[in-house]
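A.B. asks: Curious how this folds, go ahead:
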Amino acid sequence: MTVRQARGDGAGRDVGIKIGEAARPVLFVGMLAKFGREVGPGKVSMPPMVYDPLVTACRSKEPGIATLNDKLSTIAKDVPPSVVVFLIALPLSMGIARASGMPAMLGLITAVVGGMTVGFLGGAPLQISGPSAGLSVLVLQWVGVYRSEEDPYGITSIAAIVMIAGLLQAAAGFLRFGAYFRAVSPAVIRGMLAGIGIIIVVKQFHVMIDDDVEGSVLYNIYKIPAGVLKAFTTGGERYHYIAASIGVATLLTIVIWDRYRPSRVRFLPGALAGVLVASIAAAMLRLPIDYVVVKDSLFAYITLPTASTLSKFLEVDILVSGAALAFVASAETLLCATAVSSMHQGERTNYDRELAAQGIGNLACGALGALPITGVISRSTANVEAGAQTGSSSVLQAMWILFFAALVPGLLGFVPESALAAILIYVGARLLQVSGPRKLLEYGWPIFGIYAATVIGIVAIDLLTGIIIGLVLSTLRLVYSLAHLDIERVDVGERIELHLHGAATFVALPRLAAALEEIPPGSELHMHVDELDFIDHACLDLIAAFESRHNDTGGSVIMEWHSLMGRYTRGGIRAAARRSAVPRPPSGTNND
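C.D. replies: Reported below is the predicted structural model:
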């Protein structure tokens, strides 16, 4: 076969390129890539219609190979971000497991399962899922309730709770309920973050000095002065001051490293730097403090479901706990997904798919006796900033954790418990910081009151009760806003003007009736309803009856009845909703 090159006079000549030989297409494409649109010894330009189809044919001869190459190229680009996330997830997963009252290795198993399942199936490709500090408060509470001599961690009951939560999340995702889990007041979410942060800081303070954690959060707050005294006192059966020194050194390393770390080692996170400093110092000095307990194999920590586990599905308290976990984990995950989606310009988040994937991941975690998973903002942020492009980064970081924990588990036995507690204290303090109580004050004291009530309920009672308190207060405020009516009277000579603002419902009927009864007989009344959002049948009847009586006294009522009726119909409600003022978020608000 020959290619005919066109000339200006309409004639042409054969270039003489044989396509039949295997090497010629590759050579020809290479020439085009090198010389652009000029071929041949004289570099005579060829029209695009002559050679572009040849290039396309040569390149698409093996479409499967090209697609595979693209996928491999994308995965290769996700390798460096996955290493960064692995370095962050390794110490955090262990610390969160210990904060949950569970063995540290269960945190690594959770990170592996969450990274792989949600990385493959999730709808938020750059979000990293794993054990979360927010859920550690719930798990620690369940450990205290369900543990026994035969089951010191209560894994049988907690596994059933996690699997129930997974089933509920998966069902909600398949039924497309994902967006509804985001319909939670920001004051409640920020209050939940702050309450969790306080609990983590208070309880991990005692762990950091190798002291016992017992009793309620308020009791542990009460014990903090005694713990500080132990940290500065030498002697005794336990070396609290040594553990405290290691914990403080870890905290200082994290803070200093995150602020001043060299650009060449920017990939090394502060949490890992703190653990390395603490572990090396403790090993070299052979310090007599508590260390992470590690068995010979990672798989020795897996607990598969038994008949006893499945029987827990019929217990009411287990079902309630599973529903609570599903709600908290879903809200945290989808809010995290929203924040991560705003950080990049790639594929947008599919909330229903992400929720279903989280449910499948929690179902797998429960089946293995691990911790529950959720989207984690710290690891997800690091993943985006490191340049991740697809969910392959999540899967790869899970593989690195699996390889490390399976091949060299003995190294984890050199990590001091106080170092992991220091990491959690840092995380808890960050949760307090991002909760932004000062920002909420810009929305008014009622919003801040909901935030404060949520925090107090979580710290003083428990996480679920605090969230319920916040949701109830948010609902009451919404009802008040929807049912509140402001009536402004202005006397202009012999004319009286009534301005109605808000919603005229049966709840406001007594106030509206009292305002109308104060109108003198025979007067001229102008009623302004342009700022009225909604009116119900009861108030319409009241105004109509008043107009009839007032007209009988020789007075008059001037009002746009058409506009008023529009606020009674559904169209009027929608129009009023569009007019209702919604405060814009203050500048600098964090996406948590």
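
A.B. asks: surely residue 534 meets residue 565?
C.D. replies: No. Between residue 534 and residue 565 there is no contact under C-beta atoms under 8 Å: 11.8 Å. To be clear about C-beta, it is placed using only N, CA and C from the backbone, and glycine gets the same treatment.

A.B. asks: Could you check which of the two has the larger neighbour count?
C.D. replies: It is residue 534, of residue 534 and residue 565, that has more neighbours when counted by other C-beta atoms under 10 Å, with 19 against 13.

A.B. asks: Okay, now stretch 260-273: how far is its last residue from its first?
C.D. replies: Using C-alpha to C-alpha, to the nearest Å, the end-to-end distance of stretch 260-273 comes to 12 Å.

A.B. asks: Now that stretch: buried residues?
C.D. replies: Residues of stretch 260-273 classed as buried by neighbour count (16 or more other C-beta atoms under 10 Å): 268, 269, 270, 271, 272, 273.

A.B. asks: Helices - which of the residues you listed land there?
C.D. replies: Mapping these onto helices (DSSP state H) picks out 270, 271, 272, 273.

A.B. asks: dump the residue contacts of the nearest residue to the last one once chain neighbours are set aside.
C.D. replies: Which is residue 273. Take residue 273 and drop its neighbours on the chain: the residue closest to it by C-beta to C-beta, 6 or more residues apart in numbering is residue 257, 4.4 Å away. Applying C-beta atoms under 8 Å, 6 or more residues apart in numbering, we find residue 257 in contact with 268, 270, 273, 274.

A.B. asks: cool, residue 563 as well?
C.D. replies: Here residue 563 is in contact with 529, 530 (C-beta under 8 Å, 6+ apart).

A.B. asks: ok but it is inside a helix, no?
C.D. replies: Yes. In this structure, residue 563 lies within a helix as judged by DSSP: H, G, I helix; E, B strand; the rest coil.

A.B. asks: That one and residue 525, how far apart?
C.D. replies: Distance, residue 563 to residue 525, by C-beta to C-beta, to the nearest Å: 16 Å.

A.B. asks: now do residue 247
C.D. replies: 73 Å.

A.B. asks: Between these two, which is the more surrounded one?
C.D. replies: Between residue 247 and residue 525, counted using other C-beta under 10 Å, residue 247 has the larger neighbour count: 29 against 20.

A.B. asks: Now do the same contact list for the residue lying closest to that one once chain neighbours are set aside.
C.D. replies: Spatial nearest neighbour of residue 247, chain neighbours left out: residue 208 (3.7 Å); criterion: C-beta to C-beta, 6+ apart. Each residue near residue 208 by C-beta under 8 Å, 6+ apart is listed here: 243, 244, 247, 418, 421, 422, 425.

A.B. asks: where along the stretch 101-250 of the chain do the helices fall?
C.D. replies: Applying DSSP state H, counting those that start in this stretch to the stretch 101-250 of the chain gives helices spanning 104-121, 133-146, 155-174, 186-208, 217-222, 224-231, 240-260.

A.B. asks: and what of the stretch 451-592 of the chain?
C.D. replies: With DSSP H, counting those that start in this stretch as the criterion, the stretch 451-592 of the chain has helices spanning 463-483, 509-517, 537-552, 561-566, 570-579.

A.B. asks: any idea how far the most centrally placed residue in the chain is from residue 110?
C.D. replies: Residue closest to the average C-alpha location in the chain (C-alpha atoms, centre = their mean): residue 336, at 2.0 Å. In this view, residue 336 and residue 110 are 16 Å apart by C-beta to C-beta.

A.B. asks: Same question for residue 363.
C.D. replies: Distance from residue 363 to residue 110, by C-beta to C-beta: 13 Å.

A.B. asks: Show me which of the two is the more surrounded one.
C.D. replies: It is residue 110, of residue 363 and residue 110, that has more neighbours when counted by other C-beta under 10 Å, with 31 against 19.

A.B. asks: beta partners for residue 496?
C.D. replies: As for beta bridges, residue 496 partners with residue 491, residue 525 under DSSP bridges.

A.B. asks: can I see the domain layout of the protein?
C.D. replies: 4-61, 70-436, 484-579 (automatic domain parsing).

A.B. asks: what's the closest of these to residue 474?
C.D. replies: domain 70-436 (4.0 Å; C-beta to C-beta).
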